[in-house]
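**Student:** the sequence and its predicted three-dimensional model are supplied below.
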Amino acid sequence: MDRQQADLLTRQGITALRQGDAAQARFCFASVASTPPPGEDAPWFLLAQACQALGDIEGQDQALTALLASDPRHLGGLLLMAGCKAAQGDSRAASSFYTTALAVADHAGAAQVPQGLVPLLHQAQHYLQQAQGEYGRFLAERLAAEGIQPGAVSPRVDLALDLLLGRKQLYVQEPTSFYFPGLPQRQFYEGHEFDWAEAFEAAAPDMVAELEDLLGRQPGDFAPYVQTRPDRPAAANPLRDDPSWGAHYLWEQGAIVADHAALAPVTMRALELPPMPVITERSPMALYSLLRPGTHIKPHNGMLNTRLICHLPLITNPDCAIRVGNETRSWQRGKLLIFDDSIEHEAWNRGGDTRIILLFEIWRPEISDDERRALTVVFEAISAYGGLSRDQG
């Protein structure tokens, strides 16, 4: 068939399809598809539409299979194939095609998606939500048949199922400056895992009293946590130079802030208990961190994955929380909250009162003493070279 004949048949088929004569449209498109002009694409998508209008699922499947073999990311073809597989009762195949179609549309951007396909994209989202629910129930029934209930085995099994079913997103360590391999991807650690934590929490009432005394003496003595430095590019943080997220250091870049520490003797003695890194011009680091009402610390990642960040809430309210990866926790006065800040995290104070925590860092427990010594030398060398700036939130 030459190009002129193919163009004529294709136009006739489109006219027939618009007039509701799907049988004539299928004949025209199938004729062109059987012997397309040299170098021309067969009208597989139009043929699939005609077959769909006729309820010819097998013909639609064959046309779409041919289309996607030559153009695997054809958005309309993916959406029609997903609907075809759904009509055939193959929900897993339908979900796969719908998922790929949504990814293609997202990559293209809303402006590049034909308006006629937008309802099909909404249908794809709805279908996937329903399919995930059915898949989840199927898995739960299989596990229950073996006597396995949610939460009965381990948090890892539960998380794996949540990731499989799209109930949670995968978050991993992504430090901005230094990555140490082979560490577990844990968002939070629990206080009972550390032998120093119980004694540390026991001192919390006295630490609160010291903080309240400080606030009575120097109520405004908190600098912005993130500050512009003249020798470095400004941090891309909405709270840069904003005292709504404030800091009052007891240990700063490895040195005691003498006048601050003098007003917090109980807190300074308690800070001798945890294994804080000792790194020239970097650690220990310990401070009161303030978050005023209505303040939101946007999602970000910390600099290193060799440490854990510890929070001891001293003044807080029920409408304050922190999200690390998939998990959100609220601060409870006097109870340690320990997390890996190299995983994406954010925090907010939606209450009416200021939140203040004692914040400090510790070595990750999985890092051996020999590794800590080596890393200390590495970090001191990086600092001496000028290559590792201070935390900027």
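**Tutor:** That came through, no problem. Here the structure is a predicted model, which means the values were calculated and not measured.
**Student:** tell me which residues in the top helix by length along the chain are buried?
**Tutor:** Ordering each helix of the chain by length in residues (DSSP state H) puts helix 118-145 first. Within helix 118-145, the residues that qualify as buried are 120-121, 124, 127-128, 131, 135-136, 143, counting by 16 or more other CB atoms under 10 Å. Heads up, the C-betas are built off the backbone N, CA and C, glycines and all.
**Student:** repeat for stretch 196-203
**Tutor:** Neighbour-count burial for stretch 196-203 [16+ other CB under 10 Å]: 197, 200-201, 203.
**Student:** hmm, which helix or strand of the protein has the shakiest average pLDDT?
**Tutor:** Of all the helices and strands that make up the chain, helix 155-164 has the lowest average by mean pLDDT, DSSP states H and E, namely a mean of 86.
**Student:** got the angle between it and helix 118-145?
**Tutor:** 150 degrees (axes from the mean of the first three to the mean of the last three CA atoms, to 10 degrees).
**Student:** how about the helices in this protein?
**Tutor:** Under DSSP H, the chain gives helices at 3-18, 22-34, 44-54, 57-70, 75-87, 91-108, 118-145, 155-164, 197-202, 204-217, 258-261, 265-270, 369-385.
**Student:** what about those, which gets the closest to Gly294?
**Tutor:** Closest approach to Gly294 among those (CB to CB): helix 204-217, 19.3 Å.
**Student:** hmm, who's touching the closest one?
**Tutor:** Outside helix 204-217, the residues that touch it by CB atoms under 8 Å, 6 or more residues apart in numbering are 221, 248, 263-267, 270, 288, 312, 314-315, 333-334, 356, 358.
**Student:** now do the buried residues in that helix.
**Tutor:** Of the residues in helix 204-217, those buried (16+ other CB under 10 Å) are 204, 207-208, 210-211, 214-215.
**Student:** what's the answer for stretch 165-172, then?
**Tutor:** So for stretch 165-172, counting by 16+ other CB under 10 Å, buried means 168, 171.
**Student:** most centrally placed residue in this protein?
**Tutor:** The chain has Tyr171 as the residue nearest its centroid, 5.2 Å off, counting by CA atoms, centre = their mean.
**Student:** my guess is it contacts Glu327. True?
**Tutor:** No: using CB atoms under 8 Å, Tyr171 makes no contact with Glu327, being 9.3 Å away.
**Student:** which segments of this protein make up each domain?
**Tutor:** Here the domain parsing of the chain from automatic domain parsing is 3-133, 188-385.
**Student:** what is in contact with Tyr171 and Glu327 at once?
**Tutor:** The overlap between the contact sets of Tyr171 and Glu327 (CB under 8 Å, 6+ apart) consists of Gln187.
**Student:** what's the first-to-last distance across stretch 194-213?
**Tutor:** Length of stretch 194-213, first residue to last, CA to CA, to the nearest Å: 29 Å.
**Student:** for it, what does the pLDDT average out to?
**Tutor:** Mean per-residue pLDDT for stretch 194-213: 96.
**Student:** what about Ala103, distance to Gly166?
**Tutor:** With distances taken as CB to CB, to the nearest Å, Ala103 is found 13 Å from Gly166.
**Student:** next, count neighbours for Asp195.
**Tutor:** 9 (other CB atoms under 10 Å).
**Student:** same thing with Gly89?
**Tutor:** 8.
**Student:** got it, and Leu47?
**Tutor:** Around Leu47 there are 28 other residues, counting by other CB under 10 Å.
**Student:** repeat that for Pro313.
**Tutor:** 21.
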